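**Student:** give me a model of this one.
(chains A and B)
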Amino acid sequence: MNTLVYTFHFYLFGLIAIASALAFVTRKSAVAAALWLVNTMFCLSALFVMLDAQFIAAVQLLVYAGAIMVVFLFVVMLLNLGQLSDVTDIRGLGSKLTAGFVGLVMLAELFALSRLKFPRLMGAMTDHANVVNPVSAPLFHEYLLPFEVTSVVLLVAVIGAVVLAKRGPKSQ
Amino acid sequence: MIAEALFFSAVLFIIGVAGVLIRRNAIIIFMCVELMLNAVNLSFIALARLHGSTTGQVFVLFVMTVAAAEAAVGLAIVISIFRHHKSVDLRNINLLKG
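**Tutor:** Predicted structure coming up:
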């Protein structure tokens, strides 16, 4: 019974995520597209919880839905792209055929790969009272150097964003 | 559940690739790249669950950091392109087109 409920919700959230992603790529308005993408991210977060990654699920909501998508919406607002234009921005037939072909090739690869057998699932990796420690322990021991390097990446990104978006003295 | 999660991940990735190929709005193309990164994160989490280890989750944290950096720099580039062309339509940005 428990497994049935789990499976039902797994499929439910996965299919909602895919439906929202389809709505996202086909919406004309950038704001509607962004909100559909936020919906996809919420569903992915639910899937993360079901796959025993509760901390990552929380970070997914905070960082993606809370920060990155808000930056996207801010840029849409700043550039005043919210209203629909008469001409659609969906490309012509050639690009659609290319996209369809790439999609078919990747789906074929997916079905070829899905024939391989997965090894047996390991037991649940954490007790559910302690979800942060299993993630943070490797982060601060095994992967300490990459973790510190990401701070440099973020610093460079912040400086680069300010330099690129700043108006030069000529354009005033 | 792992096979289903990998299936959802692959389908989301394909939708992201199709979005990059069929749209012309630079901001929507950026969002499609974010969708692809999310799909990869789902695979990471599913395979971490399969192996019963948390290393995959650590890599998801790194992917999120890089995605945030990429969004900041990319949107700054979009803003400065908008200042030049008064549009974010990729039809107008064809200087490097052969």
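**Student:** sec struct for the spatially most central residue of chain A, please.
**Tutor:** Against the mean C-alpha coordinate of chain A, by CA atoms, centre = their mean, the closest residue is residue A:41 at 5.7 Å. Following DSSP: H, G, I helix; E, B strand; the rest coil, we place residue A:41 in the helix state.
**Student:** quick check: it vs residue A:21, distance?
**Tutor:** From residue A:41 over to residue A:21 the distance is 10 Å, taken as CB to CB, to the nearest Å. Bear in mind the C-beta positions are built from the backbone N, C-alpha and C, glycine included.
**Student:** same question, residue A:155
**Tutor:** Noted for residue A:155: a distance of 32 Å to residue A:21, by CB to CB.
**Student:** give me the more crowded residue out of the two.
**Tutor:** More neighbours surround residue A:21 than the other of residue A:155 and residue A:21, with 30 against 11 (other CB atoms under 10 Å in any protein chain shown).
**Student:** test my guess that the more buried one contacts residue A:43.
**Tutor:** No: counting by CB atoms under 8 Å, residue A:21 does not reach residue A:43; the two are 9.2 Å apart.
**Student:** ok so, going back, ok, the residue nearest to the centre of chain A - contacts?
**Tutor:** Each residue near residue A:41 by CB atoms under 8 Å, 6 or more residues apart in numbering or on different chains is listed here: A:60, A:61, A:64, A:65, A:69, B:38.
**Student:** burial of residue 19, as a residue count?
**Tutor:** All of this refers to chain A. When neighbours are defined as other CB under 10 Å, residue A:19 has 14 of them.
**Student:** try again with chain B
**Tutor:** 24.
**Student:** now residue B:52
**Tutor:** Close neighbours of residue B:52, defined as other CB under 10 Å, add up to 13.
**Student:** which residues of the chain fall in strands?
**Tutor:** With no chain named, the answer covers chain A. For chain A, strands defined by DSSP state E do not occur.
**Student:** quick one: low-confidence residue ranges for the chain.
**Tutor:** Picking chain A for this. Filtered on pLDDT under 70, chain A yields the residue ranges A:1, A:82-89, A:118-129, A:169-172.
**Student:** hm, I was asking about chain B
**Tutor:** Scanning chain B with the threshold set as pLDDT under 70 gives B:98.
**Student:** so which residue of it comes closest to chain A?
**Tutor:** In chain B, the residue found nearest to chain A is residue B:52; the distance is 2.9 Å by CB to the nearest CB.
**Student:** show me what the helix ranked longest in chain A is packed against.
**Tutor:** Ranked by number of residues, the top helix in chain A under DSSP state H is helix A:2-26. Secondary-structure packing of helix A:2-26 (3 or more CB pairs under 8 Å, 6 or more residues apart in numbering or on different chains; DSSP states H and E): helix A:30-50, helix B:2-22, helix B:26-51.
**Student:** next, the angle helix A:30-50 makes with the longest one.
**Tutor:** Meaning helix B:26-51. Using axes from the mean of the first three to the mean of the last three CA atoms, to 10 degrees, the inter-axis angle of helix B:26-51 relative to helix A:30-50 is 10 degrees.
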